[in-house]
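Q: sequence below, structure please.
(2 chains)
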Amino acid sequence: MSLAPGDACHVAGPNGIGKTSLIRILGGLLRPFAGTVSRTGDAALLDEKPALDPQLPLGRALDFWASLDAVGKDARQHNIARTRLDTLLDVPVRFLSTGQKKRAALARLLGQNAPIWLLDEPLNGLDSEGVALIEELVAEHCAEGGIAVVASHQPVTLPRHRILNLPDFAL
Amino acid sequence: MIGRLLLRDLVLLLPGGRQGGTLLPLLFFLAVAMLYPFAVGPDAQLLERTGGGVIWVAALLAAILPLDRLVSPDLEQGVFDQLALRGISEEIALSVRMLAHWLSFAPLLLVATLPAAALLSLDGNGLRTVMLGLLAGTPGLAAIGVMIAALTAGLRGGAALSGLLLIPLAVPILIFGAGSLSRPDDTGIMLAGAISLVLVAMAPFAGGAAIRAAREG
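A: Now for the predicted structure:
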């Protein structure tokens, strides 16, 4: 299986089939038991861990990653506005709801500016507006020549995407 | 990039950071130094003879306290995953963490040694030896701390285990560091420093391997 710029792939399958493992192998965080992965370009990961310091206000927690990713001030504000976090910047991360944390992680992902997006269950905990936001952002990302791999047990609307149904590959 | 990592680590570890930072271990250090004269009585000679060793033991015990939140919160929150995706290896992240841990701990410990030495009626010479010994030994303690914190990060009940692991590993530093008090020259301090340097060179690699193992496990 190979994905070219502009492609999106929906990794589907029931819980425990190995969607998360596949995503982590694609990101280089796990070693595959068999087979190889090669990718050109950086990968950005969005999973159930937001990687934001719980005791810091959201704005400062995001600023750490933004400064590490060398995101400009305008782009920072744009990403925050895009993920509708404007009013939450002073709230410590530990008080945010699951969906709000997911949106914060999405802002971090946007700032990373990586060509390959690895999204592990991105829809978990999001309201319908949040789901629409994810679908919209993935569509934009692919239209700009990015690659998105989305692991989700829920149906998700992606642009000209292929579905990798993991049970088809089970031994 | 290293500067940004260091800044974040320092904000988390210094007093006022994650769960009180290093303030509580320091107060614990002073509390142990304060407790000792109560336990053995106000015999100034006895206190002077044993006080340096007590300071060393107190420093060692205080070094155990911050271990459980040195690495494991970042592992749980996926910070190391995100750093790895940005091409920052666990070794670099842990080297920076070790430096930050030392900076947040050792200078304050040395300042706290002054009142502790007064409580234990150490003379000027004894105080100098203890301070130099701690200066040479604390980088090693920080290295052991980061190594053990990384090893126990993925484990349940890691906090109790880390104390148990730190003590035997810190014995060489203690022997030479505290041993320098009973020697006329500074060879003990130099040896403690040498052990520290070996540990500092080793810790990021051992810790990095531990974090990758925890991630795959």
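Q: is stretch A:22-38 up against chain B anywhere?
A: Yes. Judged by C-beta under 8 Å from any C-beta of the partner chain, stretch A:22-38 comes into contact with chain B at A:Gly27, A:Gly28, A:Leu29, A:Leu30, A:Arg31. Where you see a C-beta, it was placed from the backbone N, CA and C, and this is true even at glycine.
Q: OK, contacts around the last one?
A: Contacts were defined as C-beta atoms under 8 Å, 6 or more residues apart in numbering or on different chains; by that measure A:Arg31 touches A:Ile25, B:Glu216.
Q: so where do the strands sit in chain A?
A: Taking DSSP state E as the criterion, chain A contains strands spanning A:8-12, A:43-46, A:116-120, A:147-151, A:161-165.
Q: redo these as CSV? Include distance to chain B, mean neighbour count and mean pLDDT.
A: Below are those laid out as CSV (distance: least, C-beta to the nearest C-beta, whole Å; neighbours: other C-beta atoms under 10 Å in any protein chain shown; pLDDT from 0 to 100):
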stretch, distance to chain B, mean neighbour count, mean pLDDT
strand A:8-12, 18, 21, 90
strand A:43-46, 6, 24, 92
strand A:116-120, 9, 24, 93
strand A:147-151, 14, 25, 92
strand A:161-165, 21, 15, 81
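Q: between those, which one is nearest to B:Ala106?
A: Closest of those to B:Ala106 is strand A:43-46, at 35.3 Å (criterion: C-beta to C-beta).
Q: burial measure for whatever residue of chain B ends up closest to chain A, as a count.
A: Distance from chain A to each residue of chain B (C-beta to the nearest C-beta) is smallest for B:Gly78, at 3.1 Å. Using other C-beta atoms under 10 Å in any protein chain shown, the number of residues around B:Gly78 comes to 21.
Q: can you check the pLDDT for it?
A: pLDDT, B:Gly78: 91.
Q: give me the nearest residue to it, chain neighbours excluded.
A: Distance criterion C-beta to C-beta, 6 or more residues apart in numbering or on different chains; nearest residue to B:Gly78, sequence neighbours excluded, is A:Lys49 at 3.1 Å.
Q: and the one you found, how far is that from B:Leu120?
A: Remark: distance between A:Lys49 and B:Leu120 (C-beta to C-beta, to the nearest Å) = 46 Å.
Q: most neighbours among the residues of stretch A:22-38 next to chain B, which one is it?
A: A:Gly27 (23 neighbours).
Q: ok, that residue - contacts?
A: A:Gly27 sits next to A:Ala43, A:Leu45, A:Leu118, B:Asp81, B:Leu85 when contact means C-beta under 8 Å, 6+ apart.
Q: could you rerun that using 10 Å?
A: By C-beta atoms under 10 Å, 6 or more residues apart in numbering or on different chains, the contact list for A:Gly27 reads A:37, A:39, A:42-45, A:47, A:116, A:118, A:120, A:149, B:81-82, B:84-85.
Q: residues from chain A in reach of chain B?
A: A:24, A:27-31, A:42-56, A:60-61, A:63-65, A:67-70, A:93, A:105, A:108-109, A:112, A:114, A:116, A:118 (C-beta under 10 Å from any C-beta of the partner chain).
Q: and those, which are buried?
A: A:24, A:27, A:29-30, A:43-47, A:49-53, A:56, A:60-61, A:63-65, A:67-69, A:93, A:105, A:108-109, A:112, A:114, A:116, A:118 (16 or more other C-beta atoms under 10 Å in any protein chain shown).
Q: rewinding a little: could you pull up phi and psi at the residue of chain B closest to chain A?
A: In terms of degrees, to the nearest 10, the main-chain angles of B:Gly78 are phi 80, psi 20.
Q: for A:Gly16, same thing?
A: Backbone geometry at A:Gly16, expressed as degrees, to the nearest 10, gives phi 80, psi 0.
Q: show me the residues around it that make contact.
A: Counting by C-beta under 10 Å, 6+ apart, A:Gly16 has no contacts.
Q: and it, what's its pLDDT?
A: Among the per-residue scores, A:Gly16 holds a pLDDT of 85.
Q: equivalent analysis for B:Ala116, please.
A: 93.
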